[in-house]
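Chemist: Sequence and predicted structure, then a few things I'm wondering about:
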Amino acid sequence: MTAPDERFPRPRALRNRLARRPRLTPNAAPKPAHLPEARTPVDDEVWFLYMADGDRVVWSDGLAVLLGMPGSDLGRPGGVEFTRALLTRHVHRDDQAKALGSITRAWTTRESVRTTVRLLRADGGWFDVDCRLEPIAGHDGVVSGIRGALRDVSVRERARREVARLTRRGETVQASIIDPDPATGLLTRARFADEIDRAQRRGGGAVLVVRVEPDRTGATRQDDEAELLHRAARVLEGLAQPDNLLGRAGPNEISVLLPGASWAMARRQADLFVEALRTQPFVLPDRWVHARVWAGLVRFRPDGEASSHDLLIDAEHAWRQAREAGRPVVLVPDPVPAKDRQGSYRDRVAAALGTDRFTLFAQPILELQTNRVLRHELLLRVLDENGTPQSPIQVLDTAERLDAVYDIDLWVVEHALALAASLPTNAFQINLSGRTVGDPRLTAEVEALFDRYKVNAEQLTFEITETALISNLSEARHFADRIRDLGCQLALDDFGSGYASFRYLRIFPIDLVKIDGEYVSNLVNSAQDQVLVQALVQVCQAYGIHTVAEYVQDEPTLRMLREFGVDFVQGYLIGRPEPVSTLGAGTRLRSS
């Protein structure tokens, strides 16, 4: 018994049939374009017959109608022979292997086979059919042909695909935008600020920020502070009213939203929260500790001028006043005027810069082609009152909103250039906020720093973050062009997420794109993230741009990124951020 030849010719690409456009006489209205005729599902069963003798295919008039073949090309029912190439041309490309496999199975097993495939019409449309394939055998048992009975099931399959689509969409859309802080389980600062905005639209209330530190009578570790904050959050959750919301305002800070509370009620609740934390002994992994607690309470009114971030800044400033005055709580009955708030924060930034409260860490970036660490990303850290490095997210977020981030970014650039000059064989990536990149002062300042430190510009890549905050695209483009003229490279951070946009690939001379870690951290287990990362890599390759994948935590992720064609990877698998002193040199600023 022989099986049909499995080497069916591949279908030709369907070509759009363009209607000839008639010449228009002056003032003549154009005729509407010819549209393909709408197809109505057919309930009747249609058929085709394939016979090995003569390699013949015949099909019914009903199937010809479904395929949109002109009647003049058909002749009488079953009376026209077509080659398998013509039949194959009407099977959807993605279903051709399934169709061929079903025919082969029916032929070789001599049993009926059922399958569902998509068929293409002559006009380019397609429809679904259930197909029952019956082998045709002679008296000697040898199969000599296949009969196919087809029924249009487009309505059923359309509904099935829609259910599958909705299921996939449900699996890929985040259930809630309220991201919990991993250390405390509370709302993140950004999400908490959103809730303040909502509360302001509904009415008045108050915002409380509580600072919690372990008692310094004994030795403490950074882990102690994280564990204490976690346990303090659980205490406050137990005391909070049903409509209260808790969030993480910053390092060692818990924020509480008291929507609709009167000022007298808000003050009583603030006193209750602070007293409970001050008197509560906390059990840490190896000992008991008491907490030092201060708080700032600020009232807001409906539709007030102060934004949610302004209120958080005022409450944070208030707890600092409480600590300086030795009081448990400082009250702010009305938000601080905007000018005073901005001036106060600029003073804090200047003080931090002047007292070396900022420091740099470096995280290695691995090139996948050579498997060598050829560059490091420089990361800002803020030293707290105990000299412990903390994430700068809170400081940078506030500085962005109060237009005070420029001085911080310039501090980073100067220390990065000093570091590069002392380590001429190392390459570094420097983060710049979108607001700083659009600042007209930046280009001249950076050029002056290059002249001062005599650094090799090829060692440096400037990363643009928060691109939506670029206030002046012309200045930003001028800066980008100038640093590339000097020999530096330009990178776009958090691509595929947040504010990063494909538009910036055309606006700026980008050399490097950093794929947001949100799509990398679960890459091996998420088919959707795999599709997205592959697409981003292909886009960047088409634009001539290198790619870096962040948050690479394990070997399977690394292997998959290598297969996708990613150029560089970064994450805890490659190396954690470490003080720049571990690179072999400190950042010594040269005197001017």
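Modeler: Arrived safely, thanks for sending.
Chemist: Quick check: mean pLDDT of stretch 277-296?
Modeler: Stretch 277-296 shows an average pLDDT of 85 in the prediction.
Chemist: right, I mislabeled it, should have said stretch 308-322
Modeler: Mean pLDDT, computed over stretch 308-322, is 91.
Chemist: Over to stretch 539-546?
Modeler: With pLDDT averaged residue by residue, stretch 539-546 scores 90.
Chemist: what ranges do the strands span in the stretch 201-350 of the chain?
Modeler: Counting by DSSP state E, counting those that start in this stretch, the stretch 201-350 of the chain has strands at residues 205-214, 245-250, 253-259, 282-284, 287-289, 291-300, 329-332.
Chemist: closest to Pro182 out of those strands?
Modeler: Ranking these by distance to Pro182, with CB to CB as the measure, places strand 245-250 first at 9.4 Å. For glycine as for every other residue, the C-beta is placed from the backbone atoms N, C-alpha and C.
Chemist: Let's see the closest one as CSV, backbone CA atoms only.
Modeler: Extracted C-alpha coordinates of strand 245-250, given in CSV (Å, rounded to 0.1, in the frame of the first residue of the first chain):
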residue,chain,number,x,y,z
LEU,A,245,-5.2,52.9,53.6
LEU,A,246,-1.6,52.1,54.4
GLY,A,247,1.4,52.5,52.1
ARG,A,248,5.2,52.6,52.1
ALA,A,249,6.3,56.2,51.8
GLY,A,250,10.1,55.6,51.8
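Chemist: And that strand, what does it pack against?
Modeler: Counting contacts by 3 or more CB pairs under 8 Å, 6 or more residues apart in numbering; DSSP states H and E, strand 245-250 packs against helix 189-202, helix 222-239, strand 253-259, helix 308-325.
Chemist: circling back: can you add distance to Gly124 and give the strands of the stretch 201-350 of the chain back as JSON lines?
Modeler: Written out in JSON lines, the entries for these read as follows (distance: least, CB to CB, whole Å):
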{"stretch": "strand 205-214", "distance to Gly124": "60"}
{"stretch": "strand 245-250", "distance to Gly124": "54"}
{"stretch": "strand 253-259", "distance to Gly124": "56"}
{"stretch": "strand 282-284", "distance to Gly124": "69"}
{"stretch": "strand 287-289", "distance to Gly124": "73"}
{"stretch": "strand 291-300", "distance to Gly124": "59"}
{"stretch": "strand 329-332", "distance to Gly124": "67"}
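Chemist: Show me the one of these that comes nearest Leu419.
Modeler: Comparing the strands of the stretch 201-350 of the chain by CB to CB, strand 245-250 comes nearest, at 27.2 Å.
Chemist: Return the angle between stretch directions for the closest one and helix 222-239.
Modeler: With axes from the mean of the first three to the mean of the last three CA atoms, to 10 degrees as the criterion, the two stretches strand 245-250 and helix 222-239 enclose an angle of 160 degrees.
Chemist: Strand 245-250 - what's its average pLDDT?
Modeler: Taken as a whole, strand 245-250 carries a mean pLDDT of 91.
Chemist: for stretch 253-272, same thing?
Modeler: Mean per-residue pLDDT for stretch 253-272: 95.
Chemist: Flag every buried residue along that stretch.
Modeler: By 16 or more other CB atoms under 10 Å, the buried positions in stretch 253-272 come out as 253-259, 261, 266-267, 269-270.
Chemist: Next: stretch 544-558.
Modeler: 545-553, 557-558.
Chemist: can I have it written out in CSV, keeping just the CAs?
Modeler: Output in CSV follows, covering the C-alpha atoms of stretch 544-558 (Å, rounded to 0.1, in the frame of the first residue of the first chain):
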residue,chain,number,x,y,z
GLY,A,544,20.6,49.0,14.4
ILE,A,545,20.3,49.3,18.2
HIS,A,546,21.9,47.0,20.8
THR,A,547,19.7,45.5,23.5
VAL,A,548,20.2,44.9,27.3
ALA,A,549,17.9,42.7,29.3
GLU,A,550,17.5,43.7,33.0
TYR,A,551,16.6,41.5,36.0
VAL,A,552,18.3,38.3,34.8
GLN,A,553,18.1,36.0,37.8
ASP,A,554,18.8,32.5,36.6
GLU,A,555,20.5,30.4,33.9
PRO,A,556,17.3,29.4,31.9
THR,A,557,16.4,33.0,31.5
LEU,A,558,20.0,33.8,30.3
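Chemist: which residues touch that stretch?
Modeler: 365, 491, 505, 510-518, 520-521, 523-524, 533, 536-537, 540-541, 561, 565-574 (CB atoms under 8 Å, 6 or more residues apart in numbering).
Chemist: And those, which of them are buried?
Modeler: Under a neighbour-count criterion of 16+ other CB under 10 Å, the subset of the contacts of stretch 544-558 counted as buried comprises 365, 491, 505, 510-518, 520-521, 523-524, 533, 536-537, 540, 561, 566-571, 574.
Chemist: Which of these fall in helices?
Modeler: Under the assignment DSSP state H, those contribute 505, 533, 536-537, 540, 561 to helices.
Chemist: Including distance to Arg248, could those go into TSV?
Modeler: Supplementary listing: these in TSV, determined by distance: CB to CB, whole Å:
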residue	distance to Arg248
Leu505	34
Val533	29
Leu536	30
Val537	34
Cys540	34
Leu561	31
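Chemist: you'd agree Asp310 is up against Gln342?
Modeler: No. Taking contacts as CB atoms under 8 Å, Asp310 lies outside contact range of Gln342: 9.8 Å.
Chemist: contacting residues around Phe471?
Modeler: Wrong residue type there; residue 471 is Ser, not Phe. By CB under 8 Å, 6+ apart, the contact list for Ser471 reads 434-435, 438-439.
Chemist: Can you tell me, leaving aside adjacent residues, what's nearest to His230?
Modeler: Distance criterion CB to CB, 6 or more residues apart in numbering; nearest residue to His230, sequence neighbours excluded, is Thr184 at 5.4 Å.
Chemist: How about Ala206?
Modeler: Taking CB to CB, 6+ apart as the measure, Ala206 lies nearest to Ala266, with 3.7 Å between them; neighbours along the chain are not counted.
Chemist: OK, contacts around the one you found?
Modeler: If a contact means CB under 8 Å, 6+ apart, then Ala266 has 205-206, 208, 258, 297, 299 as its contacts.
Chemist: From those residues, keep the buried residues only.
Modeler: Neighbour counting with 16+ other CB under 10 Å marks 205-206, 208, 258, 297, 299 as buried within the contacts of Ala266.
Chemist: how close does Arg169 sit to Arg158?
Modeler: Here the criterion is CB to CB, to the nearest Å. By it, Arg169 lies 16 Å from Arg158.
Chemist: Which of those two has more residues huddled nearby?
Modeler: Using other CB atoms under 10 Å as the criterion, Arg169 and Arg158 rank with Arg158 on top: 13 against 10.
Chemist: So for the helix or strand containing that one, mean pLDDT?
Modeler: The secondary structure element spanning Arg158 is helix 154-172 (assigned by DSSP states H and E). Computed over helix 154-172, the mean pLDDT rounds to 83.
Chemist: Just after the helix or strand of the chain with the lowest mean pLDDT, pick out the following helix or strand.
Modeler: In the chain, the helix or strand scored least confidently by mean pLDDT, DSSP states H and E is helix 84-88, which has a mean of 62. As assigned by DSSP H and E, the chain's next helix or strand after helix 84-88 is helix 96-109.
Chemist: Now do that next one: distance to the chain's middle.
Modeler: Going by CA atoms, centre = their mean, to the nearest Å, the spacing between the C-alpha centre of helix 96-109 and its chain's C-alpha centre is 43 Å.
Chemist: C-alpha coordinates for the helix or strand just after that helix, PDB please?
Modeler: For helix 96-109, the following helix or strand on the C-terminal side (DSSP H and E) is strand 113-120. Provided in PDB are the C-alpha atoms of strand 113-120 (Å, rounded to 0.1, in the frame of the first residue of the first chain):
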ATOM      1  CA  VAL A 113     -10.000  10.700  10.200                       C
ATOM      2  CA  ARG A 114     -11.700  14.000  11.300                       C
ATOM      3  CA  THR A 115     -10.000  17.400  11.500                       C
ATOM      4  CA  THR A 116     -10.800  21.000  11.400                       C
ATOM      5  CA  VAL A 117      -8.900  23.400   9.100                       C
ATOM      6  CA  ARG A 118      -9.300  26.800   7.600                       C
ATOM      7  CA  LEU A 119      -9.800  27.200   3.800                       C
ATOM      8  CA  LEU A 120      -8.900  30.300   1.800                       C
END
